[in-house]
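**Student:** Kindly return the folded structure for what I paste below:
(chains A and B)
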Protein chains: 2
Amino acid sequence: MPDVRIKTLPPPHGGKLVERVVRDPEMARKLMQKCSAVYDIKPTLFKGNPVRNVYREIMSVCYGFFSPVEGSMTKADLESVLEKRRLTSGWVFPYPILFDISEEDFKKLGVGAGDWLLLRLKGEPFAILEIEEVYEIAPGEVAVRTFGTPEHNPEVVKVPFDQKHTGYNIYCSLNPIILAGKYTIINEPKIRPPFDRFWYPPKRSREEFEKRGWTTVIAHQTRNVPHTGHEALMKNAAYIGDIEPSHGIVVNAIVGAKRIGDFPDEAIVEGHEMVHLAGYIKPERHLVTFTLWDMRYGNPIESLIHAVIRQNMGISFHMFGRDHAALGEYYDIYATQILWSKGIPSFGFDAPPYAVEGGFYLRPQNIAEFWYCPKCLEFAYSANCNHKGIYSRYSGSFIRGLINEGVTPPPQIYRPEVYKVVVKWWQKFGYPFNNEKYLKEREERLEVDLPHMELPAHLKK
Amino acid sequence: MPDVRIKTLPPPHGGKLVERVVRDPEMARKLMQKCSAVYDIKPTLFKGNPVRNVYREIMSVCYGFFSPVEGSMTKADLESVLEKRRLTSGWVFPYPILFDISEEDFKKLGVGAGDWLLLRLKGEPFAILEIEEVYEIAPGEVAVRTFGTPEHNPEVVKVPFDQKHTGYNIYCSLNPIILAGKYTIINEPKIRPPFDRFWYPPKRSREEFEKRGWTTVIAHQTRNVPHTGHEALMKNAAYIGDIEPSHGIVVNAIVGAKRIGDFPDEAIVEGHEMVHLAGYIKPERHLVTFTLWDMRYGNPIESLIHAVIRQNMGISFHMFGRDHAALGEYYDIYATQILWSKGIPSFGFDAPPYAVEGGFYLRPQNIAEFWYCPKCLEFAYSANCNHKGIYSRYSGSFIRGLINEGVTPPPQIYRPEVYKVVVKWWQKFGYPFNNEKYLKEREERLEVDLPHMELPAHLKK
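**Tutor:** Have a look, this model is predicted:
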């Protein structure tokens, strides 16, 4: 008769929250003095289009979302991650986190191990990279090993990854030189509206949970403006807890480079916020947050970075549905649930990630499908509803189709208040979904502004 | 990173399932030979009306629902249960289980400790009581100590129990002589339709769960034909589990003496069955069962007998709502949730019953209210819906009122197929709810028939 009550938030992944943000300008000035070169952060391009910006990784590392990772990975860590999804310290970590640079830029900078590099964003000092090691990668090989292959990972990889897969393209498009070392933000960026009010890095989210008296919290992964199916998933999954349903429901939107046809991130965070503003979930039970990350669409692999982020934020449970963070049909549609229910040995998991050495305290809530059933008169759970032939799956693409045609979706599918949020950003951007113009402008604008900070004299040319 | 997966059904309460049913007629014959007297089981009457029949307790004991209890309690066990809700063996048990008999009958029988008494039901041999001890009780005192008082149990008892409380009346109406000892059924009763197909004593229910591949199962306590609010509670509470929602949802109806105005038990079990027949929950996820027990309406105390019954059946989780198994306002409406979240020291629980020595493996799912919200367009959970002033609580009495007026309830409140079950039994009994005529006839009919079995010669007079 063990006491099953969950009495505290889970510990940070790796035991300690990373926070590498210098807020004292005097200290920042001194640190910049130690830098031997300046480098302007550039987006990663695929066929001329931005698919990633390393600044997002720097933000997520320095604010602790990716604890215990403290910077760009060494060759040993990279190898360990690709080989067994573990850091050399033994903690589970799924993706290469790398500061990549072209040979040309590397030669121009003239830096090496032991040097500090000042990273500039939007023309202002932003962060320091303490170079520990310089090494080369073969980007195509990193890409293949990151996502797996049907030969090596027959449990879940169905077809080889190719250029139709955005995440694969991100790794293929990396520069070949890696500067490994810790990041430190020395000029704290100002988050732009509307994102600013959703900025809950792990330290702050944990303070917020404690203030609200939450000890059990469930995460909802999102890259969508929520329709009622998402809302049903969110609310129903949250009945997991300890001896009562989860105290808190935390939406954590992944904000970063996006694809044409996705909803704009601005509409996503405000759409989720409207769920509590309009009273469908009480505001005191619901918190909308975001993390900066250019989605890799790695399904089971992506679920691991979600677990890292959300356990660090203090979250106890994570709902995983069908086709989690997936794109195309590279992975089995249940790959994430396979990982979180029995493990995927070829990816280094003989047991689920909550049951392995170096794994997570966060627990999965593996959940099946929901569909709207006119007989049940609700978004029905597929393990319950037996009304074959009469229920409807309102897929994201179906709803995007409706909206695209200018049809106001019925309230069973879309809360009218949430739909108004879509319309608000549609009016602002001239189109309800991301188009090329939006993507270009947004990657110039980014999600942050940098306060002006004087460059030390020795770094001005 | 402990493995949180629940891999087996919980063990029986007390470690071992009691099964005291002799199915071999030759053996039954031999056992009857050892009996020194015959006694015809009679209902317990309060003001001339049947409020309890000890045969139900004998059934629940011998088929293992009340494991580890094996019979009518000794004085030491009774004292221990009243004092600290534990058997002398240390296992939690909430209620006195007693074979009571009048002084007159006791004298007539001429039995004592060491004698075996043959118990007859509906004119046929039914069970044997191996008398171990004979002692006297003061029924009123047992009643008061069973339910508690505002003085002794200030945490949850609001007003003294009185004759408006059916459970209190049951204990007050006991005969003063207790024959303590083990029960053995020697003539297995035949469960009458429609109850027969819902008869899943612990051994059978565990076999059924295993056949279905269930390792996580949640219990729904019922004494109602389910309206959609009950259905929402049942389905939503079931999202608790280990790493995925509970595999099975088990309705366990309490069948026994009832009150005027309740639904007939026949409509209750068939109404719940209709929930899966009509596809609102898949039949493979849903099992309707019942236990014979004359409800004591003991709110927190009753929740403990529910835990005993359902853990013995192999159930892992139990949903506990507001006013659990309550009648009137004797207890705090949250008394059961108080017990199952922090314990009630005055009743012997310094910690919740899942966290004490001798307690349960079954875990609570303490759940708040549901109400129908026309804005949410669903039965909304009170921790979510913030639409004050527009939602409706459809209480059992409201719905009974509707039905009583001949109004067909709307499908948001009552599934039409379930309502047809109400109408079916209404037509059969001439009234939708229990009236005096039904209660009288039903207590004569009981839920079982006894096959004919010859009385041994020495017991025929």
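
**Student:** Could you report the neighbour count for the residue nearest to A:Gly343 when sequence neighbours are not counted?
**Tutor:** For A:Gly343, ignoring the flanking residues on the chain, the nearest one in space by C-beta to C-beta, 6 or more residues apart in numbering or on different chains is A:Phe349 at 3.8 Å. Yep, even glycine has a C-beta here, placed from its N, CA and C like the rest. Other residues within reach of A:Phe349, judged by other C-beta atoms under 10 Å in any protein chain shown, total 23.

**Student:** sec struct for A:Phe349, please.
**Tutor:** Under DSSP: H, G, I helix; E, B strand; the rest coil, the three-state class of A:Phe349 is coil.

**Student:** looking at chain A, which helix or strand is least sure?
**Tutor:** Lowest mean confidence among the helices and strands of chain A (mean pLDDT, DSSP states H and E): helix A:396-404, at a mean of 79.

**Student:** pLDDT on stretch A:326-342, on average?
**Tutor:** Mean pLDDT, computed over stretch A:326-342, is 96.

**Student:** Name the residues of it that are buried.
**Tutor:** A:326-327, A:330-332, A:334-342 (16 or more other C-beta atoms under 10 Å in any protein chain shown).

**Student:** Same check on stretch A:441-452?
**Tutor:** Of the residues in stretch A:441-452, A:Arg442, A:Glu443, A:Leu446, A:Glu447, A:Val448, A:Leu450 count as buried by neighbour count, 16+ other C-beta under 10 Å.

**Student:** That one spans what distance, first to last residue?
**Tutor:** End-to-end distance for stretch A:441-452: 21 Å, by C-alpha to C-alpha, to the nearest Å.

**Student:** got the contact list for it?
**Tutor:** The list of residues contacting stretch A:441-452 from outside it, by C-beta atoms under 8 Å, 6 or more residues apart in numbering or on different chains, reads A:43, A:50, A:53, A:55, A:59, A:121-126, A:187-192, A:195, A:255, A:257-258, A:264-265, A:292, A:434.

**Student:** Selecting buried members of the residues you listed in ChimeraX, what would you type?
**Tutor:** Command for ChimeraX that selects the buried part of these, burial taken from 16+ other C-beta under 10 Å:
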select /A:43,50,53,55,59,121,125,126,187,188,189,191,195,255,257,258,264,265,292,434
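
**Student:** Narrow the contacts of stretch A:441-452 to those in strands?
**Tutor:** Using DSSP state E, the subset of the contacts of stretch A:441-452 located in strands is A:Pro43, A:Pro50, A:Asn53, A:Leu121, A:Glu124, A:Pro125, A:Phe126, A:Lys190, A:Ile191, A:Val255, A:Leu292.

**Student:** Who is the second one paired with across the strands?
**Tutor:** A:Pro50 has the following beta-bridge partners by DSSP bridges: A:Leu45.

**Student:** which ones are touching it?
**Tutor:** With C-beta under 8 Å, 6+ apart, A:Pro50 has these contacts: A:Pro43, A:Thr44, A:Ala257, A:Leu439, A:Lys440, A:Glu443.

**Student:** what would these look like in a markdown table with pLDDT?
**Tutor:** Shown next, in a markdown table, are the contacts of A:Pro50 (pLDDT from 0 to 100):
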| residue | pLDDT |
| --- | --- |
| A:Pro43 | 96 |
| A:Thr44 | 97 |
| A:Ala257 | 93 |
| A:Leu439 | 89 |
| A:Lys440 | 88 |
| A:Glu443 | 90 |
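
**Student:** farthest pair in those residues?
**Tutor:** A:Thr44 and A:Lys440 (14.5 Å; C-beta to C-beta).

**Student:** Quick check: the residue of the stretch 301-450 of chain A nearest chain B.
**Tutor:** Nearest residue of the stretch 301-450 of chain A to chain B: A:Asn386, at 3.5 Å (C-beta to the nearest C-beta).

**Student:** Can you tell me, leaving aside adjacent residues, what's nearest to that residue?
**Tutor:** B:Gly279 (3.5 Å).

**Student:** Also A:Phe66?
**Tutor:** Closest to A:Phe66 by C-beta to C-beta, 6+ apart is A:Ser60, at 5.1 Å.
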